[in-house]
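In: Sharing a sequence plus its predicted fold:
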Amino acid sequence: MRKFILLIVVLAASLVPAMERQNGADYRARRVALSKLMEGGSLVLFAGTEAEGPNDLYGFRQNDNFCYLTGWSQPGAALLISPASDSHPYTEILFLPEHNLTQEKWTGPKLGPENPDAPRITGFDGVQALDKMHEELVKVLPQPRATVFTDQGEGSPSLGPIEWLRRTNSFPNYISFRDGRQLIARLRMVKDAGEVQYVTRATQASEAAHQAALKAIHPGVTEREISALMQYEFGKRGCERPAYAPIVGSGFYSTVLHYSEDSGTMQSGDLVVMDVGGEYSMYATDITRTAPVSGKFSPRQREIYNIVLGAQEAAIKAFQMGKSKLGREGPDSLFQVALDYINSHGKDMHGQPLGKYFIHGLGHHVGLNVHDASDASAPLDKGMIFTLEPGIYIPEEKLGVRIEDMFYVDQNGKLVMLTSHIPRTADEVEQAMAHK
C-alpha cells in the first residue's frame, strides 16, 4: 500500500489537465469579473463527482460553469469567490478532495491539496483541502447576514453540498441564496481569444467530418455508418466527444429535427440531413448540411434547398452588430428576416407559403455548451459566437432541409463565418459528392 501511495504522489506531481487549457490569467479574469457582478455576495460552486449521472457510460465531463471559471477538469472540486470587503481582501480558493486511493486505482491518479505544485497546476494561489471549506466560509462571509450565489439548477452538483454546509453551520444565520447562473451567462456570452480558438478547432475538425461524409454517402449506406465515420473524423483531429447526439436522418427522417436513432438505410432520391459536431477542450461547434443521397438534387429538392440558403443569406445581410437579435420578436429579429424570406419564396403542394414548415428558432449561442448560456433579449455583439440555421421540413414530401453555419462577431464588429471551408450551395454539395 505504501508503494501505491508513493506512486500516486509521484504521478500527481506531474499531473496536467488531459485537454488543452487556457492561461490561468484568463480564468482569474473571469472570476474577478464575476465578483464585480455579485453586489457584495460570494460564490460557492461545486464540480460533479465521478459517480454522478451518466459518467459510467460516457466518462466524466466537467460542469460547464465550473470549467468556465476554473479551467479545472477533474471531479470533486469546489470553488469559493468572495469580493474584497472591510474584513478581508478579494478571496478565491479552489478546494480539492483528499485522495481516494481505491477510486484512483480505477480512474487514475488525481491532484490532491497536499501537492506543493497544486497552485501552479491549477492557476490558483489558494488551494485547500475540501474539508477546509467550512473554516474558510466562516472567515469570509459577513455576520450575521450574507448572500451566497451558487448553481440552483435542477440536477446541479452544488445542491447537495450546499445543503450539507448549511447543516454544518457554515453560513451566517441570515443567509440568502441566489442563483448565479444568469450572472455567469452574461460573461459566457462574450468569448475571449482562447475560447474562440477552441471553438474554431472544434469547427475545423467537424468540417473535415462533413467533407468525409459527403464523399461516403450513397444509396444503401446506413445512417449509423455515416454518423460513425463523422465521429471518427473529428475524433482523430482532437475532439474529445460529440458536442451533442449526432443527427443523420434520411428520407422522412430528414424532417424530424432531433432524430438521433441514425438507424435507417439511405435510399436513392432521398435527402439526408447531417447535424453533427465535435467538442474540443469542452468547446462545441454545431454544423448541419443537407445532401442528396444519389449525389444530385431533384428540381424540387434544389428549390427548397435554395430557399433555405436564401433565408440564411438574408439574415446574414441584415445583421447589425449591437442591434440584431436571435429571438423571434421585435424589429431587430433575424428570425423574422429569415421567416419573411421563406414565406415569400415557394409554396407547398397545396399552394400555401412555406413559413409554417420552419418550426424552430434561427440560431443559438455556442460555447462550452452547444446551446450555450445566453440572454435571448441581448443583441448580438463583439465576441459572440452563434449559429444561423434556417430549415424547411415537409413531412408530406419526405423533404427536410437545414443549413447551419457557425458565426463569430470579431472585434471590428464584422460577422465572420467560421464554417466557410465546407460546401454550402447546392452546386458545391453536388461537386463534393462527385469527387469520391
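Out: Here it is on my side, so go on.

In: As a check, name the ranges of all strands in the stretch 51-200 of the chain.
Out: Per DSSP state E, counting those that start in this stretch, the stretch 51-200 of the chain carries strands over the ranges 78-82, 91-96, 127-129, 145-150, 174-179.

In: among these, which is nearest residue 316?
Out: strand 174-179 (35.0 Å; C-beta to C-beta). C-beta: built from backbone N, CA, C; applies to glycine.

In: Does that closest one pack against any helices or strands, and if so which?
Out: strand 145-150 (3 or more C-beta pairs under 8 Å, 6 or more residues apart in numbering; DSSP states H and E).

In: Centre of the chain to the strand it packs on, how far?
Out: On the basis of C-alpha atoms, centre = their mean, to the nearest Å, strand 145-150 sits 28 Å off its chain's mean C-alpha point.

In: Out of the strands of the stretch 51-200 of the chain, which is closest to residue 390?
Out: Evaluated over those, closeness to residue 390 peaks at strand 174-179, with 33.0 Å, by C-beta to C-beta.

In: I figured residue 431 hits residue 424, correct?
Out: No: assessed by C-beta atoms under 8 Å, residue 431 is found out of contact with residue 424, at 11.5 Å.

In: Neighbour count: the two, which is higher?
Out: Using other C-beta atoms under 10 Å, the more surrounded residue of residue 431 and residue 424 is residue 424, with 17 against 13.

In: didn't that one look like it was pressed against residue 306?
Out: No: between residue 424 and residue 306 there is no contact under C-beta under 8 Å: 11.4 Å.

In: Just the mean pLDDT for the longest helix along the chain, thanks.
Out: Counting by DSSP state H, the longest helix found in the chain is helix 193-216. The predicted model assigns helix 193-216 a mean pLDDT of 98.

In: Could I have the CA atoms of it written out in PDB?
Out: C-alpha atoms of helix 193-216 as PDB (Å, rounded to 0.1, in the frame of the first residue of the first chain):
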ATOM      1  CA  ALA A 193      -9.500  34.800 -27.700                       C
ATOM      2  CA  GLY A 194      -8.800  31.400 -26.200                       C
ATOM      3  CA  GLU A 195     -12.400  30.400 -26.300                       C
ATOM      4  CA  VAL A 196     -12.600  31.400 -30.000                       C
ATOM      5  CA  GLN A 197      -9.600  29.300 -30.700                       C
ATOM      6  CA  TYR A 198     -11.200  26.200 -29.100                       C
ATOM      7  CA  VAL A 199     -14.500  26.700 -30.900                       C
ATOM      8  CA  THR A 200     -12.500  27.100 -34.100                       C
ATOM      9  CA  ARG A 201     -10.600  23.900 -33.500                       C
ATOM     10  CA  ALA A 202     -13.900  22.000 -32.900                       C
ATOM     11  CA  THR A 203     -15.300  23.600 -36.100                       C
ATOM     12  CA  GLN A 204     -12.300  22.700 -38.300                       C
ATOM     13  CA  ALA A 205     -12.300  19.100 -37.100                       C
ATOM     14  CA  SER A 206     -16.100  18.900 -37.700                       C
ATOM     15  CA  GLU A 207     -15.800  20.500 -41.100                       C
ATOM     16  CA  ALA A 208     -13.400  17.600 -42.100                       C
ATOM     17  CA  ALA A 209     -16.100  15.200 -40.800                       C
ATOM     18  CA  HIS A 210     -18.700  16.700 -43.000                       C
ATOM     19  CA  GLN A 211     -16.400  16.600 -46.000                       C
ATOM     20  CA  ALA A 212     -15.800  12.900 -45.400                       C
ATOM     21  CA  ALA A 213     -19.500  12.200 -45.100                       C
ATOM     22  CA  LEU A 214     -20.300  13.900 -48.400                       C
ATOM     23  CA  LYS A 215     -17.800  11.600 -50.100                       C
ATOM     24  CA  ALA A 216     -19.200   8.500 -48.400                       C
END
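
In: residues of that helix that come out buried?
Out: 194-214 (16 or more other C-beta atoms under 10 Å).

In: what's the closest non-adjacent residue to the residue most central in space within the chain?
Out: Geometric centre of the chain, nearest residue: residue 369, 1.6 Å, by C-alpha atoms, centre = their mean. Nearest residue to residue 369 in three dimensions, chain neighbours excluded: residue 64, at 5.4 Å (C-beta to C-beta, 6 or more residues apart in numbering).

In: same check, this time on residue 253
Out: Nearest to residue 253 is residue 259, by C-beta to C-beta, 6+ apart, at 4.7 Å.
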